[in-house]
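Student: I would like the atomic coordinates for the input below:
(chains A and B)
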Amino acid sequence: MSDARNRMVARAAREIAPGMVVNLGIGLPTKVVDHLSADFPVCLHTENGLSGIGPTLPPEAANRNLIDAGGAYVSTVPGSAFFDSAVSFALVRSGRLDLTMLGAFEVAETGDLANWKIPGKFSPGAGGGIELAQKARRVVVLTTHTDRAGNPKLKSACALPITARACVNRVFTDLAVIDITPAGFTLRELAVGVSLAEVTEATGAALLLPGGEIPTF
Amino acid sequence: MRLPDKTCTIEDAIARIPEGATVMVGGFGVPGTPFTLIRELVRQGQRNLTLIKNDANERGMGIDHLIANGQVARLITTHIGLNPRAIEMLNAGHLAVEFNAQGILAERVRAGGAGLKAIVTDIGLATELADGKPRIEIAGKPALVETALRADVALIHAHRADVFGNLDYVATARNFNPLMAMAADMVIAEAEAVMPLGDLAADEVHTPGPFVDHVVGLTEISEEYAVVRR
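Tutor: Modelled structure (predicted):
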């Protein structure tokens, strides 16, 4: 992983407060766990039926019946619980999930999220993503600031089919930390060595600046 | 009084599945997928099936064999991203796929198993998954009516069964299995161990025996159940 991505993931890990129940989406969000200390008090949830995820295991040490929703072989910790898929999403929809970290194709300045379908190119289904985005108490997105072609992923409106409306609270990118506020995208932090002009240029909507100096991460 | 014995051969159990049946299949990825029952369904070759399963497994595994064999007309699912064949067939119009939000699929199955007709939810309201579904207002806010799902047959993978069909599951192999085991007219469970009555303690039962019709003991745990090395 590049330094910029690693910094983004490390910064996102600081979003997790002690005592939270957290679901980390497939992809970059899964890497956040590498930045939590072994004695940090948090309950990680995976939608295929486990609360209290332990470390990921190599194949030779894996339990064939114990995976996370991304298919990685994981382990339990003292106090883990297994449950069926209905119970797993009851936990999500009823407000027991404090935080989810998700990937994104597009995030709109209104907090709309598109991360499940690119018509004609990518149509695997949303899995549990709709419920995570719509019902977690706090939704943060980890994504590169632009796509591979350099187009902004933070936009005034999503062009792709959306996952949920007005659901994203905060976006961590390789360039910045940006909150979605009633006024739109609001810059909170800049990555080390990234200029304000670069972030503004790479953002496909107005970027609001708070007063005072902008911290770096 | 003695509880009846429901053990049977895999050939006899799967032979009860007719052409055109709607079949629920447990599992989320490898854990909980009834690979051995699926293999026998491939061997017997019943066609025009509607499958209800969380995912499409991976290429060369599980229900991918049924899809590759042309036995599946329609798939009701939540995510098929690990099966490029299923995605290709969907894009080419050779496989009808109905996507659900994952927890909503679980609740539709649970409702079917509980003898209910539908559930009402705000999940997916703003998405294209809501297209064509009835909308109602609950406490002044819009909601979707999601119909309950039942199937002709459910194929279940259990860790242990007793001969009456009481089942338990391990780890993340539970997933959709206990829900689907309530939601079909005929429930066939494969189990890694089949035990005499009384050996599965009443408090340890996850699926009560009255829901289960046929119990198939696995004589071997094939490679398909093993840890996948990617």
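
Student: report the beta-bridge partners for A:Glu189.
Tutor: When assigned by DSSP bridges, A:Glu189 has beta-bridge partners A:Val177.

Student: quick one: secondary structure of B:Ile188?
Tutor: Judged by DSSP: H, G, I helix; E, B strand; the rest coil, the three-state class of B:Ile188 is strand.

Student: burial measure for it, as a count.
Tutor: 29 (other CB atoms under 10 Å in any protein chain shown). No exception for glycine: its C-beta is placed from N, CA and C like everyone else's.

Student: now do the contacts for it.
Tutor: B:13-14, B:16, B:37, B:153-156, B:213-214, B:216 (CB atoms under 8 Å, 6 or more residues apart in numbering or on different chains).

Student: quick check: the gap between it and chain A.
Tutor: For B:Ile188, the distance to chain A equals 19 Å [CB to the nearest CB, to the nearest Å].

Student: now the most far-flung residue of chain A relative to its centre: how far from chain B?
Tutor: The centre of chain A is farthest from one residue, A:Glu60, which by CA atoms, centre = their mean lies 29.3 Å away. For A:Glu60, the distance to chain B equals 8 Å [CB to the nearest CB].

Student: tell me if the biggest helix by length in chain B is near chain A.
Tutor: Longest helix of chain B, by residue count under DSSP state H: helix B:102-113. Yes - residues of helix B:102-113 contacting chain A under CB under 8 Å from any CB of the partner chain: B:102-107, B:109-110.

Student: next structured bit after the helix or strand bottoming out on mean pLDDT in chain B?
Tutor: One helix or strand of chain B scores below all others by mean pLDDT, DSSP states H and E: helix B:84-91, with a mean of 92. Stepping forward along the backbone from helix B:84-91, the first helix or strand reached (DSSP states H and E) is strand B:96-99.

Student: out of the residues of helix B:102-113 next to chain A, who's the most crowded?
Tutor: Neighbour counts for those (other CB under 10 Å) peak at B:Gln102, which has 32 neighbours.

Student: so who does the residue in chain B that chain A sits nearest to touch?
Tutor: Per CB to the nearest CB, the residue of chain B with the smallest distance to chain A is B:Gly103, at 2.5 Å. Applying CB under 8 Å, 6+ apart, one finds that B:Gly103 lies in contact with A:47, A:85-86, A:88-90, A:92-93, A:128, A:131, B:123.

Student: rewinding a little: got the CA coordinates for the following helix or strand past the longest helix of chain B in CSV?
Tutor: Using DSSP H and E, the helix or strand that follows helix B:102-113 in sequence is strand B:118-121. Written as CSV, here are the backbone C-alpha positions of strand B:118-121 (Å, rounded to 0.1, in the frame of the first residue of the first chain):
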residue,chain,number,x,y,z
ALA,B,118,-44.6,-9.8,3.8
ILE,B,119,-42.4,-7.4,5.7
VAL,B,120,-42.5,-3.6,5.7
THR,B,121,-39.2,-1.7,5.6
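
Student: may I have the strands that pair with strand B:118-121, each with its orientation?
Tutor: strand B:141-147 (antiparallel).

Student: with adjacent residues omitted, what lies nearest to the residue sitting nearest the centre point of chain B?
Tutor: Central residue of chain B (CA atoms, centre = their mean): B:Val25, 2.3 Å from the mean position. Distance criterion CB to CB, 6 or more residues apart in numbering or on different chains; nearest residue to B:Val25, sequence neighbours excluded, is B:Lys53 at 4.2 Å.

Student: same thing with B:Gly27?
Tutor: The shortest distance from B:Gly27 to any residue other than its chain neighbours is 3.1 Å, reached at B:Thr33 (CB to CB, 6+ apart).

Student: would you agree the residue nearest to B:Val25 is in contact with B:Met24?
Tutor: Yes - using CB atoms under 8 Å, B:Lys53 is in contact with B:Met24, at 7.2 Å.

Student: shared neighbours of these two, anything?
Tutor: By CB under 8 Å, 6+ apart, B:Lys53 and B:Met24 have these common neighbours: B:Phe176.

Student: show me where the chain has its strands.
Tutor: By default, I'm working from chain A. A:21-24, A:43-46, A:50-54, A:75-82, A:99-102, A:106-108, A:113-114, A:139-142, A:154-155, A:170-172, A:176-181, A:184-190, A:207-208 (DSSP state E).

Student: my question was about chain B, not that one.
Tutor: According to DSSP E, the strands that chain B contains are B:22-25, B:49-52, B:72-77, B:96-99, B:118-121, B:135-138, B:141-147, B:151-162, B:167-168, B:184-195, B:214-217.

Student: looking at those, spot the one closest to A:Arg148.
Tutor: Across those, A:Arg148 has its closest neighbour in strand B:96-99 (25.7 Å, CB to CB).

Student: give me the contact list for the closest one.
Tutor: Residues outside strand B:96-99 that contact it (CB under 8 Å, 6+ apart) are A:125-126, B:73-80, B:86, B:90, B:129.

Student: now with 10 Å?
Tutor: With contacts defined as CB atoms under 10 Å, 6 or more residues apart in numbering or on different chains, strand B:96-99 is touched by A:116-117, A:123-127, A:130, B:50, B:52, B:56, B:72-80, B:86-87, B:89-91, B:105, B:124, B:127-129.

Student: and for stretch B:194-203?
Tutor: B:2-7, B:158-168, B:191, B:193, B:206, B:208-209, B:215-218.

Student: can we see that at 6 Å?
Tutor: Defining contact as CB atoms under 6 Å, 6 or more residues apart in numbering or on different chains, one finds that stretch B:194-203 is touched by B:3, B:160-162, B:166, B:217.

Student: most neighbours among these, please name it.
Tutor: Most neighbours among those, by other CB under 10 Å: B:Ala161, with 29 neighbours.

Student: that one bridge partners, please.
Tutor: For B:Ala161, the beta-bridge partners under DSSP bridges are B:Leu167, B:Val194.

Student: just list the residues touching it, thanks.
Tutor: Contacts of B:Ala161 by CB under 6 Å, 6+ apart are B:167, B:189, B:191, B:194, B:215.

Student: just the pLDDT for it.
Tutor: Here, the pLDDT recorded for B:Ala161 equals 98.

Student: and the one 5 residues further on, by the same measure?
Tutor: We have a pLDDT of 98 for B:Asn166.

Student: ditto for A:Pro119
Tutor: 89.

Student: first-to-last residue distance for stretch B:139-155?
Tutor: Terminal residues of stretch B:139-155 are spaced 39 Å apart (CA to CA, to the nearest Å).

Student: now do stretch A:166-176
Tutor: In stretch A:166-176, first residue to last residue: 20 Å (CA to CA).
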